[in-house]
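Undergrad: Got a sequence here, can you build the structure:
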Amino acid sequence: MKMVKSLILGSAAALVAVGGAQAADLPVKAKAVEYVKVCSLYGPGFYYIPGTDTCIKLGGYLRADVVVNSNSDHTGNTSGAGGANNRFTNGYTWRSREDLNIDTRTATEYGVVRTFFDATFSWTSDTYAGNGAAPGSTIYSAIGGGGTVSPASAPNNANSGAVAGGTVGVYYAFIQFAGFTMGKAVSQFSAPWANYPGNNFDGLVGGGGTITGVNQFTYTAQFGNGVSLSLSAQDQTAYYQAGVNNILAGGAYGTSDYAGTIAPDLVAMLRVDQAWGLFQASFAAHDNHAAYYGGTELTGHPDDKWGWAGQLALSIKNIPTGPGDTINVQGVYTNGATRYNIQDLAGSAGANTIYGGTGLPGAYQSIGIGVAPDSVFGAIGGVNTGQQLVTTWGFRGAYVHNWSPYWNTSIYGAYAGITYNDTAKTLLCGVGGVGGSVRTTLNALGGAITTCNPDYNIAQIGTQTQWTPVKNLTFTADLTYTHLDQKYAGTVSAPSAAIGKPAALYELKDQNTVTLLLRAQRNW
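TA: Residues are numbered from 1 along each chain as shown. Presented below is the predicted three-dimensional model:
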């Protein structure tokens, strides 16, 4: 009996031990995996950030550009080495760019809170220029390269170290909440297509720009049926200051003489956006705040002068020529607010110097000049003039036709006229053909300006064709012709050794230039 009892107890103990061991080996219940979920509230491409009620979307593009007959990727060849039309003018400029944007949105009791960030990473070829320290050699200045490459740094080959330059740019960084936009975004003054009514060429005149964004504080009221009103205060530095030029500081058109930043630009915009298209009216007030006539406070200063700009824009969709065809047009008028017409990427912001050929005996070549600051000031007969605002007007527009879902072609054009008042012309040209900043500076070698008139016009016309063989991959060819209609006549001395131009006489003459932009872009 004892043997049987011992056997039973031993078996029970063994079963308890085995059961304990099996219980210890059971897997612990795993924490639920939180998968990324699609957010359908704000359109395709949004996902919930795990553990939050915030939706996020990543986007961007990769772009490769080649611009033929230009030293710039965006503004054409209207100044510097690009406008020289000699051996310093690039046959092409190459740029590769990656764009990354991050869009987040969260639904709240006050409406959607949105943040948007867009940055670019670019690699761009640049320009060779004459080396003043060693005539007969050149220097290559790489964009974002931290300086220039000189013969001293590459003794066996002056240009062996020349490389293209990489840059990082922040285009947009803003918050939107309860109707407010705070941060860096496209100006409320600009039309929805900004610089591109039907083109990829960046340098069109005739309207507001800031395609790379401007710091602003904006409130937008929605009235329903596509009607909205925006009121904005935006930073004027960097993008909206064309120059307050002090003639007393020297230079043909004086030298820009800004004081500290005092007042932002004030913008109002009314928009009607419906199925038929869009209508927009924009207005901007721009404070011109100059420093001193001379180098110190004792020399006095000109009073501030507020400039202004007004713009109308119209887009017509679904026109009879084909599905998706569009007409975009806009017109602008400015007084003391030049960059609302000649925007920040257009022709070196209104400083045009283009060289060409001549048939005038005794002249080396010809030159066309067009400069458009916001204001000029100086003294006439020893009496300070105060700021003289420069007036401009212009328009741009395009017609886009879709041949098929894969091909489209546009025809586009732009025009801008720049006018100085009589006092400004006296400052620049002098009274009775004697004196004046332009005359004294450009006639240094005995030139004779027979007609001194700083007014000028710019006309542009172009065509673009795009092929999209697969979704989000587009190849573009964009041809642009620019005509500079300047009002000077006679001859001037305009040497520029950096771009190979000698000290000689140049005929004052209208100029023309052509650029071709070839682009491949993959959006994602």
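Undergrad: after the lowest-mean-pLDDT helix or strand in the chain comes which helix or strand?
TA: Here the helix or strand of the chain ranked lowest by mean pLDDT, DSSP states H and E is strand 147-149, holding a mean of 37. Using DSSP states H and E, the helix or strand that follows strand 147-149 in sequence is strand 165-177.
Undergrad: Within the sheet, what are the partner strands of that next one, with directions?
TA: Strand 165-177 has its sheet partners listed here by DSSP bridges as strand 111-124 (antiparallel), strand 180-185 (antiparallel).
Undergrad: most residues in a single strand of this structure, which one?
TA: Taking DSSP state E as the criterion, the chain has its longest strand at strand 92-108.
Undergrad: tell me which residues in it are buried?
TA: By neighbour count with 16 or more other C-beta atoms under 10 Å, strand 92-108 contains the buried residues Thr93, Arg95, Ser96, Arg97, Asp99, Asn101, Asp103, Thr104, Arg105, Thr106. For glycine as for every other residue, the C-beta is placed from the backbone atoms N, C-alpha and C.
Undergrad: Show me the one of the strands paired with strand 165-177 that comes nearest Asn443.
TA: strand 111-124 (37.5 Å; C-beta to C-beta).
Undergrad: ok, and what's touching the closest one?
TA: Residues outside strand 111-124 that contact it (C-beta atoms under 8 Å, 6 or more residues apart in numbering): 42, 60, 73, 93-106, 143-144, 164-179, 185, 213.
Undergrad: coming back round to it: now the longest strand of the chain against strand 111-124, angle please.
TA: Angle, strand 92-108 to strand 111-124, by axes from the mean of the first three to the mean of the last three C-alpha atoms, to 10 degrees: 160 degrees.
Undergrad: and the spatially closest residue to Asn512 that is not a sequence neighbour, how far is that from Arg95?
TA: Nearest non-adjacent residue to Asn512, counting by C-beta to C-beta, 6 or more residues apart in numbering: His483, 5.3 Å away. Per C-beta to C-beta, to the nearest Å, His483 is found 26 Å from Arg95.
Undergrad: Next: Tyr488.
TA: 34 Å.
Undergrad: ditto for Gln486
TA: Distance from Gln486 to Arg95, by C-beta to C-beta: 30 Å.
Undergrad: so where's this structure shaky on pLDDT?
TA: Across the chain, the ranges flagged by pLDDT under 70 are 1-34, 141-165, 347-350, 431-435.
Undergrad: all helices for it, in order.
TA: In the chain, the helices defined using DSSP state H lie at 2-25, 80-84, 347-350, 422-429, 437-442.
Undergrad: re earlier: nearest to Ala346, out of the strands paired with strand 165-177?
TA: Closest among the strands paired with strand 165-177, using C-beta to C-beta: strand 111-124, at 18.6 Å.
Undergrad: Just give me the neighbour total for Thr299.
TA: 12 (other C-beta atoms under 10 Å).
Undergrad: Find the nearest non-adjacent residue to it, please.
TA: Nearest non-adjacent residue to Thr299, counting by C-beta to C-beta, 6+ apart: Tyr293, 4.5 Å away.
Undergrad: what's that neighbour sitting at in phi/psi?
TA: Backbone geometry at Tyr293, expressed as degrees, to the nearest 10, gives phi -60, psi -40.
Undergrad: What are the neighbouring residues in contact with it?
TA: Neighbours of Tyr293 in contact, by C-beta under 8 Å, 6+ apart: Asn246, Leu248, Thr299, Gly300, His301, Pro302, Phe377, Gly378, Ala379, Asn384.
Undergrad: what would the strands paired with strand 165-177 look like in TSV with mean neighbour count and distance to Trp276?
TA: Output for the strands paired with strand 165-177, formatted as TSV (neighbours: other C-beta atoms under 10 Å; distance: least, C-beta to C-beta, whole Å):
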stretch	mean neighbour count	distance to Trp276
strand 111-124	17	27
strand 180-185	18	26
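Undergrad: looking at the ones you listed, which is closest to Ala498?
TA: Set against Ala498 and scored by C-beta to C-beta, the strands paired with strand 165-177 come closest in strand 111-124, at 19.6 Å.
Undergrad: Having no further points to raise, I will conclude here.
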